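**Student:** 3D, please:
(chains A, B, C, D, E and F)
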Protein chains: 4
Amino acid sequence: MRPRPGRAPHRRSSRARDAVLEAADDLLVERGYAGVTIEGIAERAGVAKQTIYRWWPSKFEILMDTFLEDAENELKIPDTGSTAEDLRKHLRRLARFLTREPAGQVMLALIGQAQHDRAMAVVFQQRYSDERRALDRSILERGVARGDVRDDVDLDFVVDVLYGPLFHRVLLAGLPVNSQFIDALVDDVFPSLAGRPPGPQ
Amino acid sequence: MRPRPGRAPHRRSSRARDAVLEAADDLLVERGYAGVTIEGIAERAGVAKQTIYRWWPSKFEILMDTFLEDAENELKIPDTGSTAEDLRKHLRRLARFLTREPAGQVMLALIGQAQHDRAMAVVFQQRYSDERRALDRSILERGVARGDVRDDVDLDFVVDVLYGPLFHRVLLAGLPVNSQFIDALVDDVFPSLAGRPPGPQ
Amino acid sequence: MRPRPGRAPHRRSSRARDAVLEAADDLLVERGYAGVTIEGIAERAGVAKQTIYRWWPSKFEILMDTFLEDAENELKIPDTGSTAEDLRKHLRRLARFLTREPAGQVMLALIGQAQHDRAMAVVFQQRYSDERRALDRSILERGVARGDVRDDVDLDFVVDVLYGPLFHRVLLAGLPVNSQFIDALVDDVFPSLAGRPPGPQ
Amino acid sequence: MRPRPGRAPHRRSSRARDAVLEAADDLLVERGYAGVTIEGIAERAGVAKQTIYRWWPSKFEILMDTFLEDAENELKIPDTGSTAEDLRKHLRRLARFLTREPAGQVMLALIGQAQHDRAMAVVFQQRYSDERRALDRSILERGVARGDVRDDVDLDFVVDVLYGPLFHRVLLAGLPVNSQFIDALVDDVFPSLAGRPPGPQ
DNA sequence: GAATAACCGAGACGGTACGTCCAGTCTTGAA
DNA sequence: TTCAAGACTGGACGTACCGTCTCGGTTATTC
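**Tutor:** Presented below is the predicted three-dimensional model:
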């Protein structure tokens, strides 16, 4: 049961893996997506290009690896006991992530690249979007179980209505996403669409 | 001071301009954004690279020119007399544009590129998003004037709530956007957020 | 009749050409054939790799160009009036060229490469060996005309017998080629094989 | 009979050695000198690269090993009792070896490589040329002892004059080496240079 | 109707990065 | 200790485009 040390088949160097991910991340933040090159990553990571090509098919996948680790750490689903509060916390966290943090820049770059290339769009959906949607739904599903979310609405639709406006602002409008914006979503849109007053019965 | 002998001559060749825009468009559809290269456009358009560089700063701007022409033609704001019906028609048109038409592919590519490069994001917003938001608002503003849209809601917020879910599906989820989805936005989300029953005064 | 200036079709840069030839030459002398790389030439010549690939198919051809210019200048056929003296002078010049001069190193490298690759061997023969053999023969042909070379021997065979031993030493043996060696060829081998005493008639 | 545990074991695997030599030989014939790579040899021989590096410093030395074995077998010095006939036989054998046989291709490749690299030239001379010259001389030395070769000529010089023309044709000219060519060397050049009529005394 | 200057096609140029191949070194586990 | 396997750093390959730069040839007015 214990992972025997030195057992991984064909002993990939974790030193190289980590250096590559970090270098790619840094380059993206410093120079933007086009400034991330395999050669640049290799040089900064102190790694040979061949090592990169051995383990990743494209810079997209490298950034995907970085991003997924960050998303897992930074975008945990809260559980406060109140659906509205879970949504508020999570939307705020997400807005901050997208607009202020390096890892959010990586995410935006990946979304951008996915618009350019069908294959990468599929990778992004399979490795991120699908699982993320399940997580996003989980807040609502807890609400359904708890009784403060209606059980007769399509939760996928609710997810799109709650998260879509945020992405619309960030990806298309370049308008600020502030607390009022989030609050309006949580306090106005959510209740009228899916909320149910925690009443008797 | 003396621009005398030989008088002001040439102007830009519209033949070249059109050929370039069409070539860029075709290449994008055939090969994706990365497959659009200045050399490729020049060759296909039968135009010299220098001619392209003379009139456009980047392939992004070339595609921007194509896209703006298409958007103006294809995404006209309807005016049926009913806000809900205007929204329904327009959202359906937009969904179809994004998911089915070549010009929609161009738009998605431009949105994608805007995520990679701040400067291009600014260009996209100034040349498209700002004006588009005004157009999108105009449906609602007519509704306010007409009395079937509440006058105490932030119309920009309503725009994000109505259009955001659509883009969320298209840009991030890869899920289908069908009539029910649009209808749910128009019939459920819109009325509860901004609709007002056309009552007496 | 006069070459109109700026007439060459598509204006190849002679600056680039010269810099490439010189860089290749220098690299060969400094680092040997394997040390001549297209990248190294490009860097040293201050030229883009693509420029090299545009005009030469391989480093072999680059060195061939250098070598042919040098050979033309350095291996002129002497004309002293005496076949034996012409041979002596030419063989000495050749021996010195091969064993002491940078251009001789280039020649040896090309001969070496020709052993590795049939296509290059053909290029070497067509661009050098064939013409050189004609030049080498010309010494003997003048001798035939003059009467101090027999007219019943195959001059190609004589060329092989006179030049072959020199190359045998240089290419295979690594033994010194001194004046005695040349003199033995001219004074012993040549007369008995092809010489004719300048007699009456 | 069981190798006691902790015993000084292994010696060089002759299976690996043979497989490497054969693979190198095959690759040279199939793909030329540049097509012989350590990786290619290792793969074809079913051997690890490390094993090759353990026993040979370069592909040159691998081919050298192959070649020396072949030369020893294929280029035996004949002993017919007549110097002229020994020369004729040996020169014919050599011509055929160089122009027709796989092992001759290896030899030409090694000679070629020796022109590119001083160190390899030295190896080639020490491991082949010096010994070969002794063998070539031995034909003449037997002739001297026997009395049909003059004893006042430098036999090294005679070797160069007899073998040089052959290599000149093969290495430089790309001209055919046929029986007449060999016969002319043996019947015209050799007697006048070093032959002595087998007379009395 | 001739002069003239911006425009055009063509494409060479110095560069950067691509993705691949191979060199030579190192490490692992089996025999 | 050797071996097969194969990951590692590193360097060069030959290609594709970038954006800049002539080069001549072609308009299309305006004197």
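**Student:** C-alpha from now on. contacts and neighbour counts both.
**Tutor:** Will do.
**Student:** can I get the helix or strand bottoming out on mean pLDDT in chain A in PDB? Just the C-alpha atoms.
**Tutor:** None of the helices or strands of chain A scores lower by mean pLDDT, DSSP states H and E than helix A:190-194, at a mean of 92. Only the C-alpha atoms of helix A:190-194 are listed here, as PDB (Å, rounded to 0.1, in the frame of the first residue of the first chain):
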ATOM      1  CA  PHE A 190     -30.100  34.200  -7.300                       C
ATOM      2  CA  PRO A 191     -33.100  34.500  -5.000                       C
ATOM      3  CA  SER A 192     -35.600  35.300  -7.800                       C
ATOM      4  CA  LEU A 193     -34.300  32.500 -10.000                       C
ATOM      5  CA  ALA A 194     -33.600  29.700  -7.600                       C
END
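**Student:** is DNA strand E within reach of stretch A:41-54?
**Tutor:** Yes: using C-alpha under 7 Å from any atom of the strand, stretch A:41-54 comes into contact with DNA strand E via A:Lys49, A:Gln50, A:Tyr53.
**Student:** what about the first one, neighbour count?
**Tutor:** Yep, that's A:Lys49 we're talking about. 15 (other C-alpha atoms under 10 Å in any protein chain shown).
**Student:** what do you get for A:Asp152?
**Tutor:** Around A:Asp152 there are 8 other residues, counting by other C-alpha under 10 Å.
**Student:** can you list the residues of chain A near DNA strand F?
**Tutor:** With C-alpha under 7 Å from any atom of the strand as the criterion, chain A meets DNA strand F at residues A:10-14, A:16, A:46-51, A:54-55.
**Student:** and the residue nearest the centre of chain A, what is it in contact with?
**Tutor:** Nearest to the mean C-alpha position of chain A, by C-alpha atoms, centre = their mean, lies A:Ala71 at 4.8 Å. Residues near A:Ala71 by C-alpha atoms under 8 Å, 6 or more residues apart in numbering or on different chains: A:Ala103.
**Student:** now name the helix or strand holding it.
**Tutor:** helix A:59-74 (DSSP states H and E).
**Student:** after that helix comes which helix or strand?
**Tutor:** Per DSSP H and E, the helix or strand that comes after helix A:59-74 is helix A:83-100.
**Student:** buried set for that next one?
**Tutor:** Neighbour-count burial for helix A:83-100, counted by 16 or more other C-alpha atoms under 10 Å in any protein chain shown, picks out A:83-84, A:86-95, A:97-98.
**Student:** would you reformat these as CSV and include pLDDT?
**Tutor:** Shown next, in CSV, are the buried residues of helix A:83-100 (pLDDT from 0 to 100):
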residue, pLDDT
A:Thr83, 96
A:Ala84, 96
A:Asp86, 97
A:Leu87, 98
A:Arg88, 98
A:Lys89, 98
A:His90, 98
A:Leu91, 98
A:Arg92, 98
A:Arg93, 97
A:Leu94, 98
A:Ala95, 98
A:Phe97, 97
A:Leu98, 97
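**Student:** and the gap between the closest residue to chain C within chain A and D:Ala42?
**Tutor:** The nearest approach of chain A to chain C comes at A:Glu39, 16.4 Å away (C-alpha to the nearest C-alpha). Counting by C-alpha to C-alpha, to the nearest Å, the separation of A:Glu39 from D:Ala42 is 29 Å.
**Student:** now swap in A:Val29 and tell me
**Tutor:** Distance of A:Val29 to D:Ala42, computed by C-alpha to C-alpha: 43 Å.
**Student:** who has more neighbours out of these two?
**Tutor:** D:Ala42 (20 against 17).
**Student:** in which helix or strand would I find the more buried one?
**Tutor:** Per DSSP H and E, D:Ala42 falls inside helix D:38-45.
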